[in-house]
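Asker: have a look; sequence and predicted model below, questions after that.
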Amino acid sequence: MEFTKWQGCGNDFVLFDCRAQEPEDYAELSRKVCDRHYGIGADGILVVLPSDKADFRMRIFNTDGSEAEMCGNGIRCFARFLYDYKLTDKLEFTVETGAGILVPKIILADGKVTGVQVDMGEPHLLGEEIPVAGFDGKKVIAEPITVAGTTYAMTGVSMGNPHCVVFVDDAEKFPIEELGSQFEHHAMFPRKTNTEFVEVKDRSHVRMRVWERGAAITLACGTGSCATVVAGVLNDKTDRKAEVQLDGGKLIVEWAENNHVFMTGPAELVFTGEIAE
Ligand SMILES: N[C@@H](CCC[C@H](N)C(=O)O)C(=O)O
């Protein structure tokens with residue numbers, strides 16, 4: 001199987017074009033390929049498929065083989081693959097994802113791709129939409145969650161996939177390695193969760209570190225950055241447009257007045273190769 005390896009802010013993916021032929025087991029493929037010692041090494045795999053609803057369909061699988069509804073850094077890489085490898089000549093196209101049909105736009109300067117902006121659609125805020133247990137019909141804003149004996153205030157946001165945003169005093173010092181998995185598997189989250197630990201620098205700059213569902217600590221999370229800015233607005237901590245500083249780079253996120261979230265950032269090819277099935 002031919003593959004291309006991509007990264008967006010250090011969140012890395014192995015991409016397979018499966019329009020003509022699909023592997024038997026995506027979960028198994030993802031676990032094998034993502035392994036950083038015995039495989040290629042990545043935070044997930046991205047799969048290009050045909051769609052009867054949009055120009056293309058994207059599927060994303062985490063390192064543990066679980067399938068996620070959406071991936072923000074992944075969809076920028078996916079879009080750049082489609083454009084660079086001439087699967088489309090459009091600068092703006094539609095992609096069917098588990099979070100609905102989303103619209104990436106290739107950004108050019110002097111004929112060169114400098115990044116990708118994605119209309120990530122509308123955030124979902126009700127308990128049953130995220131999902132957060134016990135919050136049906138209600139938003140989950142600064143609600144208490146107890147992990148390892150300490151109670152934190154968490155805000156729930158779905159960008160198609162579930163996010164729990166926790167504002168902290170010092171993102172660098174927060175013990176993510178120790179506590180991340182306990183947030184992921186907390187009883188409040190029936191489909192588990194991604195958790196963002198966020199330090200507000202000022203109303204338009206935040207520092208965010210992440211523990212991802214199915215992938216543990218990664219250098220960046222695009223949907224998590226979108227959830228962070230939405231949570232920042234809901235908690236009156238940020239403006240609707242902010243720069244999110246991640247371990248592996250930065251993203252610009254805007255929760256526009258039409259309720260859509262726009263994410264802008266890089267997507268870079270790392271290398272290409274072939275694996276024996
Ligand atoms: N890194 C991604 C999110 C990948 C999926 C996530 N781990 C989940 O299970 O929801 C991003 O950039 O959004």
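Answerer: Received, thanks. As the structure is a prediction and not an experimental result, all values here were calculated from the model.

Asker: so what's residue 50 closest to, chain neighbours aside?
Answerer: residue 19 (5.3 Å; Cβ to Cβ, 6 or more residues apart in numbering). The way it works is simple: take the backbone N, C-alpha and C, and place the C-beta from them, glycine included.

Asker: I'd guess residue 225 is in a strand, am I close?
Answerer: No - in this structure, residue 225 is helix, not part of a strand, as judged by DSSP: H, G, I helix; E, B strand; the rest coil.

Asker: assign the nearest residue to it once chain neighbours are set aside to helix, strand or coil.
Answerer: Nearest non-adjacent residue to residue 225, counting by Cβ to Cβ, 6+ apart: residue 244, 4.1 Å away. Secondary structure for residue 244, judged by three-state DSSP, is strand.

Asker: in what helix or strand does residue 87 lie?
Answerer: When elements are assigned from DSSP states H and E, residue 87 belongs to no helix and no strand.

Asker: and it, how far is that from the ligand?
Answerer: Counting by Cβ to the nearest ligand atom, to the nearest Å, the gap from residue 87 to the ligand is 21 Å.

Asker: show me which residues of this protein sit near the ligand.
Answerer: Within the chain, the positions adjacent to the ligand are 11, 44, 60, 62, 68, 71-74, 161, 194, 212-215, 218, 221-224 by Cβ under 6 Å from any ligand atom.

Asker: of the residues you listed, which belong to strands?
Answerer: Judged by DSSP state E, strands contain the following of the residues of the chain next to the ligand: 11, 44, 60, 62, 68, 194, 212, 218.

Asker: who wins for most neighbours among these?
Answerer: Of all those, the highest neighbour tally under other Cβ atoms under 10 Å goes to residue 11, namely 30 neighbours.
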